[in-house]
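Trainee: Please work out how this folds:
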Amino acid sequence: MQTVEAPAKQDRLNRDDWIAAALTLLVESGIDAVQITVLARNLGVTRGSFYWHFDSRDALLNALIAHWKSLNTNVMVDTVAGAESLDDGILALFSVWLDHKRFDPRIDQAIRNWSRHDAGLREVVQEEDTARVRAISTFFARFGYDATEAFIRARVIYFTQMSYYALDIAHEETMEQRMSYLDAYFRCFTGLDLQPGTAERFRKMLLVGERMT
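Mentor: I've put the predicted structure just below:
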């Protein structure tokens, strides 16, 4: 076990600082770029500061995976679990996917790219996809869909959104364009019509929020 002295005062970054810096590298340059020396240089500290928080690079990589699961999977599961109506749940899910502070698609894609070269991580990604689909399927079932239809609708809505990120379609559409498709998407995903008043409130909420950011 390596003995690590407490870092100097100016070097006292917390664990989250290292995770955030590593996530930035992962998103921008891929997993091979996430190296202790590079991170220390980017943060302006010594390598010893890293070992104050992590035993090894593998420990940091495990922390990145845990952060991704906590951020991107948990928010989806919690959102649909707490929905009081079908409309509320679907629109809340849409809202999560549009808010990159709650669901970060860049991290999701970076983790998936990493998993193409790591069989163990690939299994973890598959487990997370399964958990997300299961949560949405359970949500549909709560509002009257039979098990098979709930599962298929969950897969359709989830994999459509993941493909949207993978193809980077967001850069080709304004928020106004995306909101113009709201009723059609809702009908496609649920087989039902969205109430006009509900749709209008949702559009206004997102468009006003976008202008304020």
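Trainee: what pLDDT does residue 166 get?
Mentor: What the model reports as pLDDT for residue 166 is 90.
Trainee: actually residue 102, not the one I typed
Mentor: pLDDT, residue 102: 93.
Trainee: I figured it hits residue 94, correct?
Mentor: No - with contact defined as C-beta atoms under 8 Å, residue 102 does not count as touching residue 94 (11.8 Å). To be clear about C-beta, it is placed using only N, CA and C from the backbone, and glycine gets the same treatment.
Trainee: Show the contacting residues for residue 92.
Mentor: Residues near residue 92 by C-beta atoms under 8 Å, 6 or more residues apart in numbering: 79, 80, 82, 83.
Trainee: Show me which of the residues you listed are buried.
Mentor: Applying a neighbour-count criterion of 16 or more other C-beta atoms under 10 Å, the buried members of these are 79, 80, 83.
Trainee: what kind of secondary structure is the second one in?
Mentor: Think residue 80. Three-state assignment for residue 80 (DSSP: H, G, I helix; E, B strand; the rest coil): helix.
Trainee: Spatially, what comes nearest to it if we skip its sequence neighbours?
Mentor: residue 139 (3.8 Å; C-beta to C-beta, 6 or more residues apart in numbering).
Trainee: Distance check, that neighbour against residue 127.
Mentor: 19 Å (C-beta to C-beta, to the nearest Å).
Trainee: which one of the buried ones among the contacts of residue 92 is nearest residue 177?
Mentor: Using C-beta to C-beta, residue 79 comes nearest to residue 177 of those, at 23.8 Å.
Trainee: In this structure the closest one contacts residue 89, no?
Mentor: Yes - Residue 79 is within contact range of residue 89, at 7.3 Å (criterion: C-beta under 8 Å).
Trainee: coming back round to it: and residue 102 and residue 94? Which one has more around it.
Mentor: More crowded of residue 102 and residue 94, by other C-beta atoms under 10 Å: residue 94, with 21 against 16.
Trainee: quick one on the thing from earlier: which of residue 139 and residue 127 has more neighbours?
Mentor: residue 139 (26 against 12).
Trainee: Identify the residue nearest the geometric centre of this structure.
Mentor: Centroid-nearest residue in the chain: residue 72, 3.1 Å away (criterion: C-alpha atoms, centre = their mean).
Trainee: gap between that one and residue 101?
Mentor: Taken as C-beta to C-beta, the span from residue 72 to residue 101 is 12 Å.
Trainee: and if you look at residue 82?
Mentor: Distance, residue 82 to residue 101, by C-beta to C-beta: 18 Å.
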